[in-house]
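Visitor: what's the 3D shape of this:
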Amino acid sequence: VQLQASGGGLVQAGGSLRLSCAASGNIFSIFGAGWYRQAPGKQRELVAGITGAGNTNYADSVKGRFTISRDNAKNTVYLQMNSLKPEDTAVYYCNAPFRSTGGPYWGQGTQVTVSS
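Guide: Next up is the predicted model:
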């Protein structure tokens, strides 16, 4: 399985971005996916996850601002990020299957930079 992430960029605080992660196979609808991020000097952390059944969960720091969703027909998972803050600056990675410890498949990472 290959995961291809895209959609990162530079945005001002308060702005929005949508990240996409396309899979080479039908993995998201069965096993779910997660979005992680890693800021410089910090550990990688789970930002949002969606299970095979469609249940979602979010890190406290992004609740109410980020939304994870998927399009099963396109084998794609999205992360809609609104009201972005400078502390959201990081490299974002998609991951599958969705597990508490992370799955074995990772996208290549996409940089999100939020300016103040």
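Visitor: Provide a list of residues in contact with the residue nearest in space to the middle of the chain.
Guide: The centroid of the chain falls nearest to residue 35 when counting by CA atoms, centre = their mean (2.8 Å). Contact partners of residue 35, counting by CB atoms under 8 Å, 6 or more residues apart in numbering, are 19, 21, 46-49, 68, 77, 79, 92-95. Where you see a C-beta, it was placed from the backbone N, CA and C, and this is true even at glycine.
Visitor: Next: residue 9.
Guide: Going by CB under 8 Å, 6+ apart, residue 9 touches 17, 111-113.
Visitor: Also residue 69?
Guide: Neighbour list for residue 69: 50, 77-78, 80 [criterion: CB under 8 Å, 6+ apart].
Visitor: again with residue 42
Guide: Residues counted as contacts of residue 42 (CB under 8 Å, 6+ apart) are residue 90.
Visitor: Equivalent analysis for residue 32, please.
Guide: The neighbourhood of residue 32, defined by CB under 8 Å, 6+ apart, consists of 49-53, 96-98.
Visitor: Could you turn the buried ones of these into a ChimeraX selection?
Guide: Remark: buried members of those, expressed as a ChimeraX selection using 16 or more other CB atoms under 10 Å:
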select :49,50,96,97,98
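Visitor: can you redo the contacts of residue 32 as TSV with pLDDT?
Guide: Putting the contacts of residue 32 into TSV (pLDDT from 0 to 100) gives the following:
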residue	pLDDT
49	97
50	97
51	96
52	94
53	94
96	96
97	93
98	94
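Visitor: Buried residues, the lowest-mean-pLDDT helix or strand in the chain. List them.
Guide: Ranked by mean pLDDT, DSSP states H and E, the helix or strand of the chain with the weakest confidence is helix 28-31, at a mean of 93. Within helix 28-31, the residues scored as buried using 16+ other CB under 10 Å are 28-29, 31.
Visitor: what's the neighbour count on residue 20?
Guide: 18 (other CB atoms under 10 Å).
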